[in-house]
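Undergrad: Sharing a model that was predicted from the sequence below.
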Amino acid sequence: MLLELAGRHPLLRDSLAAQSTDNGRLVVDARRLLFASPLDLTATAATAHTHAAVGTRATLLLPDSADVASYMQRMDLLRAMPRCTQVEGEVPDEIRSDRSSTLLEVEALRPDTADAVSERLGRVATHHLGPRDGRRVFKGIGELIDNAISHGTSTCGSFIAAQAYSGKTTGYRRLEIAVCDTGIGVLAHLRGNPAHCGITTSAEALDRALQPGVSGTSDMRGNGLPDLLAGTSDAAATRLVLRSGDGLLRAGRLRRAAVTRSISTATPVRGTWSWLRVSYRH
(Lines give C-alpha, C1' and ligand atoms only; values in the text may rest on other atoms or scores of the structure.)
Protein backbone atom coordinates (compact mmCIF):
# COMPACT_ATOMS: atom_id res chain seq x y z
CA MET A 1 0.00 0.00 0.00
CA LEU A 2 1.17 3.51 -0.83
CA LEU A 3 -0.15 6.35 1.35
CA GLU A 4 0.85 9.79 0.15
CA LEU A 5 0.88 12.76 2.51
CA ALA A 6 1.22 15.97 0.51
CA GLY A 7 0.36 19.61 1.08
CA ARG A 8 -1.44 20.67 4.27
CA HIS A 9 -3.84 18.50 6.29
CA PRO A 10 -3.92 15.72 3.66
CA LEU A 11 -5.85 13.32 5.90
CA LEU A 12 -8.72 15.78 6.35
CA ARG A 13 -9.61 15.61 2.66
CA ASP A 14 -12.56 13.55 1.46
CA SER A 15 -10.33 11.16 -0.48
CA LEU A 16 -7.14 9.63 0.87
CA ALA A 17 -4.20 9.55 -1.51
CA ALA A 18 -3.76 5.78 -1.07
CA GLN A 19 -3.37 2.94 -3.52
CA SER A 20 -2.68 -0.77 -3.38
CA THR A 21 0.71 -2.11 -4.43
CA ASP A 22 1.96 -5.60 -5.14
CA ASN A 23 5.26 -5.38 -3.25
CA GLY A 24 3.86 -6.44 0.12
CA ARG A 25 4.99 -3.24 1.87
CA LEU A 26 3.47 -0.10 3.31
CA VAL A 27 5.05 3.09 2.03
CA VAL A 28 4.12 6.40 3.65
CA ASP A 29 5.38 9.05 1.26
CA ALA A 30 5.55 12.36 3.13
CA ARG A 31 8.14 14.01 0.88
CA ARG A 32 5.69 16.68 -0.30
CA LEU A 33 4.09 17.27 3.09
CA LEU A 34 4.08 21.01 3.87
CA PHE A 35 2.46 20.93 7.30
CA ALA A 36 2.16 18.00 9.71
CA SER A 37 -0.80 17.99 12.08
CA PRO A 38 -1.48 15.63 15.01
CA LEU A 39 -3.81 13.66 12.71
CA ASP A 40 -1.08 13.06 10.13
CA LEU A 41 1.22 11.77 12.87
CA THR A 42 -1.20 9.52 14.77
CA ALA A 43 -2.82 8.09 11.64
CA THR A 44 0.61 7.24 10.21
CA ALA A 45 1.56 5.40 13.41
CA ALA A 46 -1.78 3.57 13.58
CA THR A 47 -1.61 2.54 9.90
CA ALA A 48 1.97 1.29 10.24
CA HIS A 49 1.16 -0.81 13.30
CA THR A 50 -1.93 -2.25 11.61
CA HIS A 51 0.22 -3.46 8.72
CA ALA A 52 3.01 -4.65 11.01
CA ALA A 53 0.51 -6.89 12.84
CA VAL A 54 0.12 -8.96 9.65
CA GLY A 55 3.82 -8.99 8.82
CA THR A 56 3.91 -6.00 6.46
CA ARG A 57 6.94 -3.78 6.89
CA ALA A 58 6.67 -0.02 6.60
CA THR A 59 8.82 2.57 4.87
CA LEU A 60 8.52 6.24 5.85
CA LEU A 61 9.80 8.77 3.32
CA LEU A 62 10.54 11.91 5.32
CA PRO A 63 9.41 15.36 4.12
CA ASP A 64 11.72 17.32 1.86
CA SER A 65 11.04 20.29 4.15
CA ALA A 66 13.58 20.23 6.97
CA ASP A 67 11.13 22.05 9.24
CA VAL A 68 8.37 19.48 8.74
CA ALA A 69 10.80 16.58 9.12
CA SER A 70 12.10 18.15 12.32
CA TYR A 71 8.54 18.50 13.62
CA MET A 72 7.84 14.83 12.92
CA GLN A 73 10.94 13.91 14.89
CA ARG A 74 10.13 16.32 17.74
CA MET A 75 6.63 14.87 17.99
CA ASP A 76 8.14 11.38 18.43
CA LEU A 77 6.58 9.87 15.30
CA LEU A 78 9.79 8.00 14.47
CA ARG A 79 9.81 6.44 17.94
CA ALA A 80 6.14 5.51 17.65
CA MET A 81 6.57 3.61 14.38
CA PRO A 82 7.05 -0.20 14.45
CA ARG A 83 10.63 -1.26 15.10
CA CYS A 84 11.08 -2.70 11.62
CA THR A 85 10.18 0.61 9.92
CA GLN A 86 12.65 1.84 7.32
CA VAL A 87 13.08 5.61 7.41
CA GLU A 88 14.39 7.29 4.27
CA GLY A 89 15.50 10.89 4.15
CA GLU A 90 17.59 13.14 6.33
CA VAL A 91 16.76 12.94 10.02
CA PRO A 92 17.55 16.37 11.47
CA ASP A 93 19.80 16.84 14.47
CA GLU A 94 17.67 17.49 17.50
CA ILE A 95 18.10 19.78 20.47
CA ARG A 96 15.06 19.02 22.61
CA SER A 97 13.54 21.63 24.90
CA ASP A 98 10.64 21.27 27.31
CA ARG A 99 7.39 21.84 25.38
CA SER A 100 5.09 20.05 27.82
CA SER A 101 2.78 23.07 28.05
CA THR A 102 2.32 23.15 24.27
CA LEU A 103 2.79 19.64 22.86
CA LEU A 104 1.58 16.15 23.54
CA GLU A 105 3.93 14.02 21.48
CA VAL A 106 2.67 10.89 19.70
CA GLU A 107 1.88 8.49 22.50
CA ALA A 108 0.52 4.95 22.64
CA LEU A 109 -2.90 5.12 24.26
CA ARG A 110 -3.79 2.14 26.45
CA PRO A 111 -5.71 1.65 29.71
CA ASP A 112 -2.42 1.74 31.62
CA THR A 113 -1.27 5.00 30.00
CA ALA A 114 -4.62 6.84 29.76
CA ASP A 115 -4.40 8.59 33.14
CA ALA A 116 -0.90 9.96 32.54
CA VAL A 117 -1.80 11.05 29.00
CA SER A 118 -4.99 12.72 30.23
CA GLU A 119 -3.07 14.61 32.92
CA ARG A 120 -0.58 15.96 30.38
CA LEU A 121 -3.33 16.91 27.96
CA GLY A 122 -5.26 18.66 30.71
CA ARG A 123 -2.24 20.83 31.48
CA VAL A 124 -1.89 21.80 27.82
CA ALA A 125 -5.60 22.66 27.55
CA THR A 126 -5.81 24.82 30.68
CA HIS A 127 -2.48 26.54 29.98
CA HIS A 128 -3.57 27.78 26.56
CA LEU A 129 -7.35 28.08 26.89
CA GLY A 130 -7.56 29.13 30.51
CA PRO A 131 -8.98 27.19 33.48
CA ARG A 132 -12.67 27.51 32.55
CA ASP A 133 -12.50 26.90 28.79
CA GLY A 134 -9.67 24.40 29.19
CA ARG A 135 -11.78 22.26 31.52
CA ARG A 136 -14.76 22.42 29.16
CA VAL A 137 -12.72 21.32 26.17
CA PHE A 138 -10.90 18.62 28.12
CA LYS A 139 -14.19 17.10 29.28
CA GLY A 140 -15.16 16.54 25.65
CA ILE A 141 -11.71 15.25 24.72
CA GLY A 142 -12.12 12.62 27.42
CA GLU A 143 -14.79 10.95 25.27
CA LEU A 144 -12.32 10.46 22.41
CA ILE A 145 -9.82 8.94 24.81
CA ASP A 146 -12.45 6.71 26.40
CA ASN A 147 -13.64 5.47 23.01
CA ALA A 148 -10.10 4.59 21.96
CA ILE A 149 -9.28 2.58 25.09
CA SER A 150 -12.66 0.84 25.31
CA HIS A 151 -14.22 -0.23 21.98
CA GLY A 152 -11.23 1.03 19.98
CA THR A 153 -8.70 -1.35 21.54
CA SER A 154 -6.83 -3.91 19.46
CA THR A 155 -3.47 -5.65 19.43
CA CYS A 156 -2.18 -2.86 17.16
CA GLY A 157 -2.87 -0.10 19.68
CA SER A 158 -4.22 3.45 19.64
CA PHE A 159 -2.27 6.69 19.33
CA ILE A 160 -2.81 10.26 20.49
CA ALA A 161 -1.08 13.61 19.90
CA ALA A 162 -1.93 17.27 20.48
CA GLN A 163 -0.63 20.73 19.64
CA ALA A 164 -1.62 24.05 21.21
CA TYR A 165 -1.24 27.40 19.47
CA SER A 166 -0.95 30.69 21.34
CA GLY A 167 -2.64 32.74 18.62
CA LYS A 168 0.04 35.43 18.49
CA THR A 169 0.05 35.36 14.68
CA THR A 170 -3.51 34.17 13.94
CA GLY A 171 -5.47 35.91 16.67
CA TYR A 172 -6.94 32.61 17.88
CA ARG A 173 -5.99 30.47 20.85
CA ARG A 174 -6.28 26.97 19.51
CA LEU A 175 -6.00 23.36 20.63
CA GLU A 176 -5.75 20.56 18.08
CA ILE A 177 -5.89 16.89 19.07
CA ALA A 178 -6.00 13.60 17.20
CA VAL A 179 -6.77 10.09 18.44
CA CYS A 180 -6.43 7.17 16.02
CA ASP A 181 -7.30 3.63 17.03
CA THR A 182 -7.16 0.35 15.13
CA GLY A 183 -10.22 -1.31 16.66
CA ILE A 184 -13.43 -2.66 15.16
CA GLY A 185 -14.71 0.70 13.95
CA VAL A 186 -17.87 2.65 14.67
CA LEU A 187 -20.17 0.58 12.42
CA ALA A 188 -19.35 -2.76 14.06
CA HIS A 189 -19.44 -1.20 17.52
CA LEU A 190 -22.92 0.30 17.12
CA ARG A 191 -24.29 -2.85 15.47
CA GLY A 192 -23.37 -4.69 18.66
CA ASN A 193 -26.42 -3.00 20.17
CA PRO A 194 -29.67 -4.54 18.78
CA ALA A 195 -31.18 -1.05 18.72
CA HIS A 196 -28.75 -0.10 15.94
CA CYS A 197 -28.40 -3.39 14.06
CA GLY A 198 -30.15 -1.87 11.05
CA ILE A 199 -27.26 0.48 10.31
CA THR A 200 -25.59 -0.65 7.07
CA THR A 201 -22.86 1.90 6.27
CA SER A 202 -20.00 3.51 8.15
CA ALA A 203 -21.22 6.97 7.11
CA GLU A 204 -24.61 6.27 8.68
CA ALA A 205 -22.92 4.89 11.81
CA LEU A 206 -20.83 8.04 12.24
CA ASP A 207 -23.89 10.23 11.82
CA ARG A 208 -25.80 8.12 14.36
CA ALA A 209 -22.89 8.28 16.83
CA LEU A 210 -23.34 12.05 17.11
CA GLN A 211 -26.94 11.70 18.22
CA PRO A 212 -27.64 11.84 21.98
CA GLY A 213 -28.11 8.52 23.73
CA VAL A 214 -26.57 6.39 20.97
CA SER A 215 -24.15 3.67 22.09
CA GLY A 216 -22.94 0.27 20.97
CA THR A 217 -23.77 -1.16 24.40
CA SER A 218 -26.93 -1.38 26.47
CA ASP A 219 -25.35 0.83 29.14
CA MET A 220 -26.76 4.31 29.78
CA ARG A 221 -24.09 6.01 27.71
CA GLY A 222 -23.81 7.72 24.38
CA ASN A 223 -23.88 11.48 25.08
CA GLY A 224 -20.10 11.89 24.91
CA LEU A 225 -19.69 12.95 21.27
CA PRO A 226 -22.75 15.26 21.23
CA ASP A 227 -21.53 16.82 24.47
CA LEU A 228 -18.10 17.31 22.91
CA LEU A 229 -19.60 19.71 20.36
CA ALA A 230 -22.07 21.34 22.73
CA GLY A 231 -19.82 21.63 25.78
CA THR A 232 -17.49 24.37 24.57
CA SER A 233 -18.44 27.97 25.27
CA ASP A 234 -20.41 30.10 22.82
CA ALA A 235 -17.17 31.93 21.99
CA ALA A 236 -15.50 28.80 20.61
CA ALA A 237 -15.27 27.54 17.04
CA THR A 238 -15.19 23.74 17.14
CA ARG A 239 -14.40 21.36 14.29
CA LEU A 240 -14.59 17.57 14.56
CA VAL A 241 -13.65 15.09 11.85
CA LEU A 242 -14.25 11.36 12.28
CA ARG A 243 -13.14 8.70 9.82
CA SER A 244 -14.02 5.02 10.30
CA GLY A 245 -14.24 2.26 7.73
CA ASP A 246 -15.29 3.98 4.51
CA GLY A 247 -17.19 6.70 6.35
CA LEU A 248 -16.16 10.31 6.90
CA LEU A 249 -18.01 12.77 9.12
CA ARG A 250 -17.39 16.49 9.48
CA ALA A 251 -19.05 18.36 12.31
CA GLY A 252 -18.63 21.97 13.34
CA ARG A 253 -20.01 24.42 15.84
CA LEU A 254 -19.69 28.19 15.79
CA ARG A 255 -21.43 29.84 18.72
CA ARG A 256 -24.83 28.12 18.85
CA ALA A 257 -24.93 26.89 15.25
CA ALA A 258 -23.89 23.30 14.51
CA VAL A 259 -23.43 21.60 11.13
CA THR A 260 -22.85 17.89 10.49
CA ARG A 261 -22.21 16.05 7.22
CA SER A 262 -21.29 12.41 6.65
CA ILE A 263 -20.25 10.74 3.38
CA SER A 264 -18.88 7.44 2.11
CA THR A 265 -15.33 7.43 0.77
CA ALA A 266 -13.44 5.28 -1.71
CA THR A 267 -10.63 4.28 0.66
CA PRO A 268 -11.52 2.66 4.01
CA VAL A 269 -9.42 2.89 7.14
CA ARG A 270 -9.01 0.39 9.95
CA GLY A 271 -10.57 1.49 13.24
CA THR A 272 -11.49 5.12 13.89
CA TRP A 273 -9.55 8.33 13.30
CA SER A 274 -10.65 11.40 15.28
CA TRP A 275 -9.47 14.98 14.86
CA LEU A 276 -10.68 17.87 16.98
CA ARG A 277 -9.82 21.55 16.82
CA VAL A 278 -11.18 24.15 19.22
CA SER A 279 -10.41 27.84 18.65
CA TYR A 280 -11.05 30.93 20.77
CA ARG A 281 -10.60 34.48 19.53
CA HIS A 282 -8.28 36.57 21.71
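TA: Received it, and whenever you're ready, just let me know what you need. Numbers count the residues shown, from 1 in each chain.
Undergrad: contacts, neighbours, all on C-alpha from now
TA: Fine.
Undergrad: Next secondary structure after the top helix by length along the chain?
TA: When the chain is parsed with DSSP state H, its longest helix is helix 131-149. Next helix or strand after helix 131-149 toward the C-terminus (DSSP states H and E): strand 158-165.
Undergrad: What residues does the residue nearest to residue 85 when sequence neighbours are not counted make contact with?
TA: Sequence neighbours aside, residue 58 is the residue nearest to residue 85 in space, at 4.9 Å (criterion: Cα to Cα, 6 or more residues apart in numbering). Under the criterion of Cα atoms under 8 Å, 6 or more residues apart in numbering, the neighbours of residue 58 are 25, 26, 27, 28, 48, 51, 52, 82, 84, 85, 86.
Undergrad: Swap in 6 Å and give it another go.
TA: The contact partners of residue 58, by Cα atoms under 6 Å, 6 or more residues apart in numbering, come to 25, 26, 27, 85.
Undergrad: among those, which are in helices?
TA: Of the positions in those, not one sits in helices, assigned by DSSP H.
Undergrad: want to throw those into TSV with distance to residue 208, pLDDT and neighbour count?
TA: As requested, those are arranged in TSV below (distance: Cα to Cα, whole Å; pLDDT from 0 to 100; neighbours: other Cα atoms under 10 Å):
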residue	distance to residue 208	pLDDT	neighbour count
25	35	90	18
26	32	94	21
27	34	96	22
85	37	95	19
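Undergrad: May I have the secondary structure class of residue 42?
TA: Here residue 42 takes the helix state, with states given by DSSP: H, G, I helix; E, B strand; the rest coil.
Undergrad: How many residues are close by the residue nearest to it when sequence neighbours are not counted?
TA: Sequence neighbours aside, residue 159 is the residue nearest to residue 42 in space, at 5.5 Å (criterion: Cα to Cα, 6+ apart). Neighbourhood size, residue 159 [other Cα atoms under 10 Å]: 29.
Undergrad: contacting residues around residue 159?
TA: The neighbourhood of residue 159, defined by Cα under 6 Å, 6+ apart, consists of 42, 107, 108, 109, 179, 180.
Undergrad: Doesn't the last one belong to a strand?
TA: Meaning residue 180. Yes - under three-state DSSP, residue 180 sits within a strand.
Undergrad: Now do the same for it: its pLDDT.
TA: Taken from the predicted model, the pLDDT recorded for residue 180 is 95.
Undergrad: Residue 22 and residue 12, how far apart?
TA: Look at residue 22 and residue 12: by Cα to Cα, to the nearest Å, they are 27 Å apart.
Undergrad: Specify the beta-bridge partners of the spatially closest residue to residue 277 that is not a sequence neighbour.
TA: For residue 277, the nearest residue in space outside its immediate sequence neighbours is residue 176; the separation is 4.4 Å by Cα to Cα, 6+ apart. In this structure, residue 176 has the following beta-bridge partners (DSSP bridges): residue 163, residue 277.
Undergrad: Tell me the span between the first and last residue of stretch 60-77.
TA: Taking Cα to Cα, stretch 60-77 runs 10 Å from one end to the other.
Undergrad: OK, contacts around residue 23?
TA: Residue 23 makes no contacts at all, as judged by Cα under 6 Å, 6+ apart.
Undergrad: so it is in which element?
TA: Per DSSP H and E, residue 23 falls between elements, in no helix or strand.
Undergrad: Can you check the pLDDT for it?
TA: 74.
Undergrad: separation between it and residue 29?
TA: As for residue 23, its distance to residue 29 is 15 Å (criterion: Cα to Cα).
Undergrad: Now do the helices in the stretch 101-250 of the chain.
TA: Taking DSSP state H, counting those that start in this stretch as the criterion, the stretch 101-250 of the chain carries its helices at 114-129, 131-149, 186-191, 202-209, 224-230.
Undergrad: As JSON lines, the ones you listed with mean pLDDT would be great.
TA: Putting those into JSON lines (pLDDT from 0 to 100) gives the following:
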{"stretch": "helix 114-129", "mean pLDDT": "89"}
{"stretch": "helix 131-149", "mean pLDDT": "80"}
{"stretch": "helix 186-191", "mean pLDDT": "91"}
{"stretch": "helix 202-209", "mean pLDDT": "92"}
{"stretch": "helix 224-230", "mean pLDDT": "65"}
